[in-house]
Every structure is written in C-alpha cells, then in structure tokens.
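Novice: I need the structure of the sequence given here:
(one chain, ligands or ions: 1)
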Amino acid sequence: MNPEPSRSTLQVGGLSCTLGANHVLRKLSLPALRGGQLVALLGRNGSGKSTLLRSIAGLVPARADTLMLDGEDLRPLGARARAAAIRYLPQSLPDFVHLTVTEAVLVALKARAAVSTAAAMQKAAAVLGDLGLEHLGSCFLDELSGGQKQLVGLAQALVHEPAVLLLDEPLASLDLNYQHHVMQMLSGLALARGLLIIIVLHDLNIALRYANAALLLHDGALLASGEPPAVITAPHLAQAFLVRARVERCSQGRSNVFVDDLIQL
Ligand SMILES: Nc1ncnc2c1ncn2[C@@H]1O[C@H](COP(=O)(O)OP(=O)(O)OP(=O)(O)O)[C@@H](O)[C@H]1O
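Specialist: Residues are numbered from 1 along each chain as shown. The predicted structure is shown next:
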C-alpha cells in the first residue's frame, strides 16, 4: 500500500492588499486549506482573485495577520523563497524564448533544483505525459497555440512537485476536451500527492464537478466558502455576479447552474 502523502496546511488571516489607489483585498481570512484539496476560487472580474493568489505567492505587497504554510510564517519570505513550496501560474504567460517544450520544462526545473540531467529528463517526460503533451515534446514553443502554451506553463509549475499550486484561470484558452482533461488530472494529483491546488475558475459547472472546496470573493472580501454546492447557490450568485440563476441536478445527478436573467441595479 502507498504511504499517505504528507498534507500541507495553508492559513490566511486578515490579508489586505492595496495596489495604487485600490484597496483590493480587505482583511480577508480564509478557512484553513489542506493538501489534497482542489479549491475553486470564484468571483466576478475585479473581485481580487488574482491579487489573492499573488499575495500568497509573495508577488505583490500585502499585509496579513496570519500567512502560514505548515506552521512556517511566510510573511518574511520573498517570492523566490516561497516558490520552493508554492508555485503560481499567471493568467498570461511571458513570451517564451525559442525552446522546445521539453527544453522549457527542463529549464524551469533546473533553474530551481539541483537535479541530474537524467532525473530531470525523467521528471519532464512524466509531467508531459500527465498533461497529454508527450507528442509536443520536440515542438518549439513559438509554434504552439495559446492553449498549448498555457499547458506548457502548467507543466513547468507541476515539474517542481510543489506543496501548493496556485493556478490563475488555466482553462481560459483550452478547448472543451482539454478543460476536462486538465481538471481530471489536477483532481487526481491533489488526491494522490496531497497537493493543495487553488484554481481560479469562471466556469461554475466545472467548479461544481471537480472542486472539493470553493471560495467566493466579492469586492476583495470572502462572501462564502465551503463545499462547492454550499457556495454556488442562487442567493450567492445573485450577490456576487448579479444574475438570477438556478442550480439544478441533471439526469446524471450532477449540479448545473442555469442563468435566467441579469439583475439590473
Ligand atoms: N497594479 C495594479 N494597480 C492598481 N489596481 C490594480 C492593479 N492590479 C489590479 N488592480 C485592481 O485590483 C482589482 C482586483 O484585480 P484582480 O486582477 O485581483 O481581480 P480578478 O478577480 O482576478 O479579476 P479577473 O477575473 O478579471 O481576472 C481590480 O479592481 C483591478 O483593477
């Protein structure tokens, strides 16, 4: 029998972040998040989702009463030190240089870890296999589609085997098949490796189907948290997204959101 993977705990309390003149996050506290969870981070445009992920990764100046991973205070650590355990995949990736897919994953791994070339090749091949990208290994990055590039970014984050993975809309440019493929893979990885994944999603039906926890942001504060069906409810959707919606079970027993109308203020 495989040993139980070790599970990290991330604690966030009283987190505030001001960018320019915008008070983006206001004393935000989250329930303790554990390894093994696939957490959907939800909220309308501008509600503070990316800023929350970037604050945890140490990429924006933020103040917090508590910001801890496994009892270690993250606040004194800069982004580089936090990156040993916490990987952040941004919404849009920087322009890639002229490398093949395999080289890009190897470069990402070797930039951070002292690892032999043989071991690095093995890790890169495994992660590309997990993502169904093995056929693209020798393609150059500048020959890939937007969605394929996004997947390479995900491979670069995964190859580090972090304790916490922060994903900012990784499904945004993926086709229907790849959206479900990636979510199945992430849900399997969270469970098998005890990885904590926080993923920004705009597709609430994907969140209902794959996430085992959800955080709903509204104006830089937490409006609701818990199991996705307890968070994705008609009253919460009305408040957070200004839509009149129903959440109904389909013939397969899965919950789906149907939007009937917009709420005019
Ligand atoms: N560098 C910045 N300077 C000033 N304000 C900023 C900066 N970056 C973000 N903001 C503001 O912070 C707020 C939250 O932005 P953020 O990107 O965190 O939202 P989001 O929920 O991720 O949105 P989306 O779903 O559109 O990606 C927005 O009002 C945005 O204009």
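Novice: ok, residues contacting the helix or strand where Ala111 lies?
Specialist: Element membership of Ala111, judged by DSSP states H and E, is helix 101-112. Applying C-beta atoms under 8 Å, 6 or more residues apart in numbering, the external contacts of helix 101-112 come out as 83-84, 96, 99, 115, 120-121, 123-125, 127-128, 133, 136-139, 141, 144, 152, 155-157, 159-160. Bear in mind the C-beta positions are built from the backbone N, C-alpha and C, glycine included.
Novice: What helix or strand is Ser225 located in?
Specialist: Counting by DSSP H and E, Ser225 is found in strand 221-226.
Novice: how about the strands in this structure?
Specialist: Applying DSSP state E to the chain gives strands spanning 9-13, 15-19, 22-28, 33-34, 38-42, 66-69, 72-73, 86-89, 164-167, 196-200, 213-218, 221-226, 243-249, 255-262.
Novice: Take the ones you listed and write them to JSON lines, including distance to the ligand, mean pLDDT and mean neighbour count.
Specialist: Formatted as JSON lines, the strands of the chain follow (distance: least, C-beta to the nearest ligand atom, whole Å; pLDDT from 0 to 100; neighbours: other C-beta atoms under 10 Å):
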{"stretch": "strand 9-13", "distance to the ligand": "15", "mean pLDDT": "97", "mean neighbour count": "19"}
{"stretch": "strand 15-19", "distance to the ligand": "4", "mean pLDDT": "98", "mean neighbour count": "18"}
{"stretch": "strand 22-28", "distance to the ligand": "4", "mean pLDDT": "96", "mean neighbour count": "18"}
{"stretch": "strand 33-34", "distance to the ligand": "18", "mean pLDDT": "97", "mean neighbour count": "18"}
{"stretch": "strand 38-42", "distance to the ligand": "9", "mean pLDDT": "98", "mean neighbour count": "26"}
{"stretch": "strand 66-69", "distance to the ligand": "17", "mean pLDDT": "98", "mean neighbour count": "19"}
{"stretch": "strand 72-73", "distance to the ligand": "24", "mean pLDDT": "96", "mean neighbour count": "12"}
{"stretch": "strand 86-89", "distance to the ligand": "13", "mean pLDDT": "94", "mean neighbour count": "23"}
{"stretch": "strand 164-167", "distance to the ligand": "12", "mean pLDDT": "96", "mean neighbour count": "24"}
{"stretch": "strand 196-200", "distance to the ligand": "7", "mean pLDDT": "98", "mean neighbour count": "25"}
{"stretch": "strand 213-218", "distance to the ligand": "7", "mean pLDDT": "98", "mean neighbour count": "23"}
{"stretch": "strand 221-226", "distance to the ligand": "12", "mean pLDDT": "98", "mean neighbour count": "16"}
{"stretch": "strand 243-249", "distance to the ligand": "15", "mean pLDDT": "96", "mean neighbour count": "14"}
{"stretch": "strand 255-262", "distance to the ligand": "17", "mean pLDDT": "96", "mean neighbour count": "12"}
